[in-house]
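Visitor: sequence first, then the predicted structure:
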Amino acid sequence: MIETLSLKIKVALIVFVVAHLGLFLYVNQQPIYWLQNELVDQRIYWSMDDRDDFHLHTGITRKDITKPFTSRYVDGTYRTRQFSYYMEMLSFKFWQIFEIGFFKNYTLIGIHLLNVFLVGLLLYYLSKSYIVAIIGAGMLLNAGIALTTLLFPFRNAKLLVMTFILISWIIVAAWQRPLGQRRLFKVVLFFFSLFLALLTDEIAFIFVFIPFVYLSLRDGMKSLCDRKVLIGSVSVLFGFLSAVFLSYRSYHIYATHGQTGAQFDHLGQLFKYVLDPHTLWDVFRSFFVYFLRNNMGNWQMDVLGFAAFISSLLLIFLIVKHLKSVDWKLVGALIFSMLIKTFILPHNGGVQSFFMPEDATFPSLYYFNYYYTYCDVVLWAILFGLMLRGVFVSFTNVVVVMCLVSAINISNGYHQQQALKPVLAFHNWESQDNQNLVNNLKEVKKYLADKSLWPIYLSYPGSESNMVTERRHNLYQIIHPHIFYERVVPVMFLPSIEKGRIITSYQNTKSKNALESNYELTNAKTFLDVHTGHLFNIEQIKTPNHFQNLLPDKSTIENPLIKKAAVNYDDIDNILFFVKGRSSFVIHINDVEIKGKQSYGPSYKRFKINLQNTNLEFPAKVEIRITPDNKDNTAYLVGPFFFAAKEEGAKL
């Protein structure tokens, strides 16, 4: 292996780093038009005033501190992810201040970049080679599964757990002395990192042993029997079990009788999987046919895919050619840990047809091309770095490996649209109509940037109630616009709502300029229909030439609202009115009858009736009848307003 870096190698490494960082930034600038359903539920919970109080707030309150320990409310099941939940809540609260990061998750990008740096640092300590460190980190930076994980943001658990595993491993790899002979601060930091890993994701139950295996291989088994090591191990175990007991007790206090978590239900299937002869085939196929392909270039039937496939084969050839230099004990330990994880922690939802072949019986996580196998991607980068160590015997070999890794990563970036297809289909985001829902919310931010439009009343489809009280909603089956909007808008734009820049009709949110219920339009300057993108200037119906009454009239089943008006101008072209509450309306203009429905529920919906083709004679008598859809609903009418074509107000 090259011991000293020549100028040529230094230049090559700099070019490699800059090129791969550029590729990473290019891929991650792609706009995201989807949102994982479970994150919507969690963000509502993080914003709630209390466990069962659905009023929303920004910032951190005293009651927020205990939320990560109520896993039933966070996940609907018991999980040992308390620290992960804390980081999810804190990072969401931070980005919510700026009303960004709701779709693209900048926290995940930051954690991944940190992991890339940590992998490079670890590989340097393990190999004493900058070349191994940089190339190994480069393989992780633009690994196919890692990029897909960032382009379809989900939880931070699988990424964050590897951060703590890597930190603990680096602490023991950076110094050659046994752990028990280190300063107390480093020993405490080592065990504290493992403790946080155990409270981040269940996968740590397996990978937490990796630093100990490394210590035993390097310093011998006796090094693990040192007093500091034993005390630290017992302390971590005690702290972890205490946290598990408190959170599990909390889970059962707030869970229904006999309810158990999905992880516990899944454990009952393990024995069946062990006895099934197809399990080994599924593990083999999922790793070599799916995981390697998804992670090392996607291997599509095109030029870049073919180049990535050939590059992968050539890398394996170079490794095989230099097998004698491989530390097989450490490599074998890492492979064994990945194998154990695969058998013990398959997907707890069973076989998923979007990712797995029809004949699959064992739901190996290696079938997935995002998030679930991120931990394995990190270990795979470390493995490849360790196995490539003996290849770097000349400048030519270094350049060849750089080119091969670059070909793989370029293909990874290029094929992300293809890689996202099963993920989007699995979460019901593959249709353009559903992606347009997210685009509509992004358009709201453009209007919100214009201060002259404040305050903006947001109108959007909703359900029956003006108070969202459903804790969890399954969007996997079908994404209804009214459910999506009413669960996302109040949380996404909560800072603007609290500051009075946005007005909505939902009672979950509280504004500094609190308005009496149903009087929202009186204080709004503009009216934006989120679903259609139509913006209307409410100021134009406050001019002296029109009805100035923006106060609503109430309608119930028992007392349907009938509102009459006379129009004496023969140049009237449009009738404008607003209706809140799911209802039907009938308009009579002389002998002309016009019918319609309000489908937006709690939000005011704007209606404009064009009279140009009705051949009306003036003066005209106008009658509007509003009838709620059922006895439990109440409807409200604001208007009508009449406009002539020559008036400014005709620009509706």
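Guide: Perfect, thanks for sending it.
Visitor: list the buried residues for stretch 450-457?
Guide: Residues of stretch 450-457 classed as buried by neighbour count (16 or more other CB atoms under 10 Å): Leu453, Trp454, Pro455, Ile456, Tyr457. For every residue, glycine as well, the C-beta is placed using N, CA and C.
Visitor: for the stretch 101-250 of the chain, which spans come out with low pLDDT?
Guide: Within the stretch 101-250 of the chain, the segments meeting pLDDT under 70 span 246-250.
Visitor: quick one: the helices in it, in order.
Guide: Ranges of helices in the stretch 101-250 of the chain, per DSSP state H, counting those that start in this stretch, are 106-127, 130-141, 144-151, 157-173, 184-198, 204-207, 210-219, 227-254.
Visitor: for the helix or strand containing Met338, packing partners?
Guide: Assigned by DSSP states H and E, Met338 falls within helix 328-344. Helix 328-344 is packed against helix 204-207, helix 210-219, helix 262-275, helix 278-285, helix 374-388, with contacts defined by 3 or more CB pairs under 8 Å, 6 or more residues apart in numbering; DSSP states H and E.
Visitor: return the list of helices and strands in contact with the shortest one.
Guide: Using 3+ CB pairs under 8 Å, 6+ apart as the contact test, the elements touching helix 204-207 are helix 157-173, helix 184-198, helix 328-344.
Visitor: quick one: the strands in this protein?
Guide: In the chain, the strands defined using DSSP state E lie at 48-50, 53-56, 456-459, 502-503, 526-529, 535-537, 553-555, 561-567, 572-580, 583-589, 592-598, 604-610, 620-628, 635-644.
Visitor: in the stretch 401-550 of the chain, which spans are helices?
Guide: According to DSSP H, counting those that start in this stretch, the helices that the stretch 401-550 of the chain contains are 416-426, 432-448, 481-492, 494-498.
Visitor: what's the most buried one of those helices?
Guide: helix 481-492 (a mean of 22; mean count of other CB atoms under 10 Å).
Visitor: what residues does it touch?
Guide: When contacts are defined by CB atoms under 8 Å, 6 or more residues apart in numbering, helix 481-492 is touched by residues 35, 40-41, 43-44, 47, 56, 96, 99, 102, 437, 441, 458, 460-463, 468, 470, 473, 475, 497, 504, 506, 508-509, 530-531, 600-602.
Visitor: count the neighbours of the nearest residue to Tyr290 once chain neighbours are set aside for me.
Guide: Distances taken as CB to CB, 6 or more residues apart in numbering place Tyr367 nearest to Tyr290, at 5.2 Å, with adjacent residues excluded. Using other CB atoms under 10 Å, Tyr367 has 27 other residues around it.
Visitor: settle this for me: Tyr367 is touching Phe287, isn't it.
Guide: No: using CB atoms under 8 Å, Tyr367 is not in contact with Phe287, being 9.4 Å away.
Visitor: ok, back up a step: buried residues, the helix holding Met338. List them.
Guide: Leu330, Ala333, Leu334, Ser337, Met338, Lys341, Thr342.
Visitor: would you mind measuring from the last one to Gly144?
Guide: Spelled out, that is Thr342. 19 Å (CB to CB, to the nearest Å).
Visitor: check the first one too.
Guide: Using CB to CB, one obtains 25 Å as the distance from Leu330 to Gly144.
Visitor: ok, now the second one?
Guide: For Ala333, the distance to Gly144 equals 25 Å [CB to CB].
Visitor: same check, this time on the third one
Guide: Leu334 sits 20 Å away from Gly144 when distances are taken as CB to CB.
Visitor: thinking again about what came up before, could you export the helices of the stretch 401-550 of the chain as JSON lines, including distance to Leu23?
Guide: What follows is these, written out as JSON lines (distance: least, CB to CB, whole Å):
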{"stretch": "helix 416-426", "distance to Leu23": "11"}
{"stretch": "helix 432-448", "distance to Leu23": "25"}
{"stretch": "helix 481-492", "distance to Leu23": "30"}
{"stretch": "helix 494-498", "distance to Leu23": "34"}
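Visitor: wait, Leu315 sits on Met387?
Guide: No: assessed by CB under 8 Å, Leu315 is found out of contact with Met387, at 9.1 Å.
Visitor: thinking again about what came up before, of all the strands of the chain, which one is nearest Thr200?
Guide: Closest of the strands of the chain to Thr200 is strand 48-50, at 23.2 Å (criterion: CB to CB).
Visitor: distance from the chain centre to that closest one, please.
Guide: Centroid separation for strand 48-50 versus its chain: 21 Å, with CA atoms, centre = their mean, to the nearest Å.
Visitor: hey, least reliable of the helices and strands packed on helix 328-344 by pLDDT?
Guide: Lowest mean pLDDT within the helices and strands packed on helix 328-344: helix 262-275, at a mean of 66.
Visitor: which residues touch the helix holding Met338?
Guide: Taking CB under 8 Å, 6+ apart as the rule, helix 328-344 contacts 126, 203, 206-207, 209-210, 213-214, 217, 270, 273-274, 279, 283, 286-287, 364-366, 375-376, 379, 382-383, 386-387.
Visitor: buried only: go through these for me.
Guide: Judged by 16+ other CB under 10 Å, buried ones among the contacts of helix 328-344: 126, 203, 206-207, 209-210, 213-214, 273, 279, 283, 286-287, 364-366, 375-376, 379, 382-383, 386-387.
Visitor: what's around the closest residue to His415 other than its chain neighbours, how many residues?
Guide: Leaving out its chain neighbours, the residue that sits closest to His415 by CB to CB, 6+ apart is Asn298, at 3.8 Å. The local packing of Asn298 (other CB under 10 Å) involves 24 other residues.
Visitor: quick check, Asn298 in contact with Gln418.
Guide: Yes: counting by CB under 8 Å, Asn298 does reach Gln418; the two are 6.5 Å apart.
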